[in-house]
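Novice: What follows is a predicted structure for the sequence shown.
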Amino acid sequence: MDLTTTYMGLKLKNPLVPSASPLSKNLDTIKNLEDAGASAIVLYSLFEEQISFEAEELDHFLSYGTDSFAEALTYFPEAQEYRLGPEGYLEHIRKAKEATGIPIIASLNGVSTGGWIDYARKMEQAGADGLELNVYMLATDPVRTSAEIEQVYIDVLKAVKSSVKIPVAMKLSPFFSATAAMAKRLDDAGADALVLFNRFYQPDLDLEALEVKPGVVLSSPEELRLPLRWIAILFGRIKASMAGTSGVHTATDALKLIMAGADVANLCAVLLKHGPAHLGKILDEMEKWLEEHEYTNLRMARGSMSQKNVAEPAAYERANYIKALNSYTR
């Protein structure tokens, strides 16, 4: 069975790529993921807040609103609380490259263009095979328009693309008012891949302590449907590669993304729960399913159930909404 795929210009032996997570902080775990069959690994993110640079632009984002809420800055960790600073992250890239034979994709998480450019170059020099940009920005300013928010993504992408030669992926939020148009703008701006979608971690409330509680809730298989739908809609409409992330827990989940049109399936929660070796089980089950259904390679399956190729394209749009409501029975 030929499971090879091409993602952001990188030839991969299969479509299973662990996404940015704590798993990639440890070299032994990275090697275990490779041994289990991972075709590439996205390293955990280097946060813009960790990067020291002349930061008027960054300072605006970090301090906006803190005059009204004096405790706001307490949510940002002290520098020593980060596991690795910028230089440590670059060394981690070098060691990961030396320890493995698969592509290592670095990850930058932030909101402005200034600090990314220099470290994007340094990540490339450290040996990263690609770069994933995670613009983790919640649009809370009531006077800031959607066009201004969208332009941040475009500006960050163009700034980084102009500074490196390695391929660059943009991790997208699902909250754009015109997702297809935004994907096309990023594609036109030179994105080598789009990662659909970023999960914004939602706060909770502690009613006894009267505090807002940060926390991580791992994805569930049901969350697959959001990236699945948009990958199916975008397949054949953009040149950039596509990665599906959120909700990939089984071989069936990964195959659904591929058949919708994804080039790779990103895994995180299932590996955090069951360990790196579980990736091998998912890979074996994917290969078995493809063989049983008489596919000779992954390319035959890719995009076969996209909006472009299914018998009823409207199933991905409003018609599906109406049919779903009418089909519900108690």
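Specialist: Alright, I've got the coordinates. From a predicted model like this one, the values you see are computed outputs, not experimental measurements.

Novice: make it CA atoms for all contacts and neighbour counts henceforth
Specialist: Will do.

Novice: Could you identify the helix or strand that succeeds the lowest-mean-pLDDT helix or strand in the chain?
Specialist: Least confident helix or strand of the chain, by mean pLDDT, DSSP states H and E, is helix 56-63 with a mean of 47. Counting by DSSP states H and E, the next helix or strand C-terminal to helix 56-63 is helix 86-99.

Novice: That next one: how far from the chain's middle?
Specialist: Put simply, helix 86-99 sits 20 Å off its chain's centre (C-alpha atoms, centre = their mean, to the nearest Å).

Novice: Buried residues, that helix. List them.
Specialist: P86, Y89, L90, E91, H92, I93, R94, A96, K97 (16 or more other C-alpha atoms under 10 Å).

Novice: Stretch 187-204 now?
Specialist: D187, G190, A191, D192, A193, L194, V195, L196, F197, N198, R199.

Novice: List the backbone torsions phi and psi for the fourth one.
Specialist: So that's D192. With angles defined as degrees, to the nearest 10, D192 sits at phi -80, psi -20.

Novice: quick one: it and L267, what's the gap?
Specialist: From D192 across to L267, the span is 20 Å (C-alpha to C-alpha, to the nearest Å).

Novice: And the furthest pair within the buried residues of helix 86-99?
Specialist: P86 and K97 (17.0 Å; C-alpha to C-alpha).

Novice: what residues are up against the closest residue to I117 other than its chain neighbours?
Specialist: Sequence neighbours aside, V160 is the residue nearest to I117 in space, at 5.4 Å (criterion: C-alpha to C-alpha, 6 or more residues apart in numbering). By C-alpha atoms under 8 Å, 6 or more residues apart in numbering, the residues touching V160 are T113, W116, I117, A120, V168.

Novice: Let me know the pLDDT of V160.
Specialist: At V160, the predicted lDDT confidence score is 93.

Novice: One more: the one 3 residues further on?
Specialist: At S163 the predicted local confidence, pLDDT, stands at 93.

Novice: Burial check on it, number of neighbours?
Specialist: Here the count is done by other C-alpha atoms under 10 Å, and S163 has 15 residues near it.

Novice: That one contacts K122, correct?
Specialist: No: checked against C-alpha atoms under 8 Å, the pair S163 and K122 is beyond contact range at 10.1 Å.

Novice: Kindly reformat the contacts of V160 as TSV and extend each row with pLDDT, neighbour count and distance to A232.
Specialist: Below are the contacts of V160 laid out as TSV (pLDDT from 0 to 100; neighbours: other C-alpha atoms under 10 Å; distance: C-alpha to C-alpha, whole Å):
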residue	pLDDT	neighbour count	distance to A232
T113	65	19	31
W116	73	25	31
I117	79	19	32
A120	91	27	31
V168	98	27	22
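
Novice: wait, which of those is closest to K308?
Specialist: Using C-alpha to C-alpha, these come closest to K308 at V168, 25.9 Å.

Novice: Roughly how far does the closest residue to that closest one other than its chain neighbours sit from L283?
Specialist: The shortest distance from V168 to any non-neighbouring residue, by C-alpha to C-alpha, 6+ apart, is to L131 (4.8 Å). Look at L131 and L283: by C-alpha to C-alpha, they are 24 Å apart.

Novice: again with S246
Specialist: On the measure of C-alpha to C-alpha, S246 and L283 end up 18 Å apart.

Novice: same thing with L224?
Specialist: L224 is 18 Å from L283, by C-alpha to C-alpha.

Novice: do E87 as well
Specialist: 35 Å.

Novice: How about E208?
Specialist: From E208 to L283 the distance is 45 Å (C-alpha to C-alpha).

Novice: need the contact list for P174.
Specialist: L196, F197, N198.

Novice: what about the residue nearest to I154 when sequence neighbours are not counted, neighbour count?
Specialist: Among residues not flanking I154 along the chain, L186 sits closest, at 6.3 Å (C-alpha to C-alpha, 6+ apart). Neighbourhood size, L186 [other C-alpha under 10 Å]: 25.
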